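>>> Can you look at this prediction? I've put the sequence above it.
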Amino acid sequence: MWEGRRVLVGVTGGIAAYKAAELVRGIRRRGAQVKVVMTRAATEFVSPLTFETLSGNEVSWELFPKGRRWEVGHIRLAEWAEVLVVAPATANFLGKAAGGIADDLLTTVVLAARCPVVVVPAMDAGMWANPVVQNNVEKLKELGHKFVGPEEGELASGLVGKGRLAKVERILEAVGEALAEGELLAGRRVLVTAGRTEEDLDPVRFLTNRSTGKMGYALAEVARRMGAEVVLVSGPTYLEVPWGVEVVRVRTTEEMRDAVLERFPGCDVLAMAAAVADFRPVRASPGKIRKQEKFMLELEKTPDILAELAGRKEGRVVVGFAVETEDEVERGREKLKGKNLDLIVVNNPLVEGAGFGWDTNVVTLIDCEGKVEELPKMSKRELAGRIWRRVARLLEG
């Protein structure tokens, strides 16, 4: 797992910076390549020469280094890394990273990184407990960054509290987990649907729902990070396409059905996260419907794309999503069995932090073996990771 892999270590300006030397040595001893990026403050605690000696590579800390050949350093480093670990991560770093501030080499690398990011905080207990710091931590977790520590113990100030850098062995475990996760779906072809569909009433109006596509886009992004080749069939949304993901844009249910049917034979996994319209007008008016006292609208069912494809999955893993406002588990089980799914993700939009528009979700996972797992509120990126890990086990048989 470690041999030949590429780990980038970010070191910020805290007293625990000296422990990063042991981390770098541990990574290299496991057979991985390691490079180090320091903040200018970090160089006040440990010299770059120390990390150059331990890593066997040049250390970077300046955005505009003098006397070196020109290149876009932060892009080069971000593209090189398979995992980026920041240890120690100071309160100052957390604030910058959460706010998208890129005023030194390390923060620009973090913004440009497309790999898993492991953050290892270390600071005084009072700073860690500060609501501003905790807010920043939550923002970074929502972005998918993984946190290790801090731990309880004696701090540099002489006080005892939560703020110590996590033990190096624990950090190495987290880096190893991130490296393994980066290969979890390697070589797999994943098809994800996201967003809503729209069914026209007339040239001005249409029937739709409240889906924003956030869950489906998170699934696509995380699957790509796990090594999969990802195609995203997306209904209308304002979201940006995740880096490295092929997107196919559709609007109506029929367009989504055609796009998915065409690509389904070439995939190993289908994750049908789109909120597909259940009904459409029997006839769309060719002209704008005038305002009336009463208006009768005749609807018909749209095709059930998920059931159609799951009926011919032939060894593929098919994941469905269901929105239910009552009896979620029972109805989820019915859909799982009725549509021949391998896994279904059920949520109730009436629960705070769940459903459409939120960056978080609260779901229950039900698999084909009858296992029910109720998950607490978490970011949709974190949830996507949980779902793909379950899918990887199903793929292994």
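That came in fine, so what should we check first?
>>> got a list of what the residue located most distally from the centre of the chain touches?
In the chain, counting by CA atoms, centre = their mean, Glu293 sits farthest out from the average C-alpha position, at 48.0 Å. For Glu293, no contacting residues are found, by CB atoms under 8 Å, 6 or more residues apart in numbering. Every residue, glycine included, has its C-beta placed from N, CA and C.
>>> Leu172 falls within a helix, correct?
Yes: according to DSSP: H, G, I helix; E, B strand; the rest coil, Leu172 belongs to a helix.
>>> nearest residue to it other than its sequence neighbours?
Nearest residue to Leu172, sequence neighbours excluded (CB to CB, 6 or more residues apart in numbering): Gly26, at 5.1 Å.
>>> which helices and strands sit right next to the helix or strand where the one you found lies?
In this assignment (DSSP states H and E), Gly26 forms part of helix 19-29. If you count contacts as 3 or more CB pairs under 8 Å, 6 or more residues apart in numbering; DSSP states H and E, helix 19-29 packs onto strand 6-11, strand 33-38, helix 48-55, strand 83-89, helix 168-181.
>>> Any chance you could list what contacts the third one?
This means helix 48-55. For helix 48-55, the external contacting residues (CB under 8 Å, 6+ apart) are 9, 11, 20-21, 24-25, 28, 34-36, 38, 58-59, 61.
>>> Show the contacting residues for the residue nearest to Leu172.
Counting by CB under 8 Å, 6+ apart, Gly26 touches Val168, Glu169, Leu172.
>>> Check the gap between it and Val175 for me.
From Gly26 across to Val175, the span is 9 Å (CB to CB, to the nearest Å).
>>> Please apply the same query to Val222.
18 Å.
>>> and what of Ser285?
59 Å.
>>> the more surrounded of the two?
Taking other CB atoms under 10 Å, Ser285 and Val175 do not tie; Val175 has more neighbours (30 against 14).
>>> wait, that one sits on Arg28?
No: the criterion here is CB atoms under 8 Å, and Val175 misses it with Arg28 at 12.0 Å.
>>> re earlier: turn the helices and strands packed on helix 19-29 into JSON lines, columns for distance to Ala384 and mean pLDDT.
Compiled in JSON lines, those are given as follows (distance: least, CB to CB, whole Å; pLDDT from 0 to 100):
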{"stretch": "strand 6-11", "distance to Ala384": "23", "mean pLDDT": "95"}
{"stretch": "strand 33-38", "distance to Ala384": "27", "mean pLDDT": "95"}
{"stretch": "helix 48-55", "distance to Ala384": "32", "mean pLDDT": "94"}
{"stretch": "strand 83-89", "distance to Ala384": "18", "mean pLDDT": "95"}
{"stretch": "helix 168-181", "distance to Ala384": "12", "mean pLDDT": "90"}
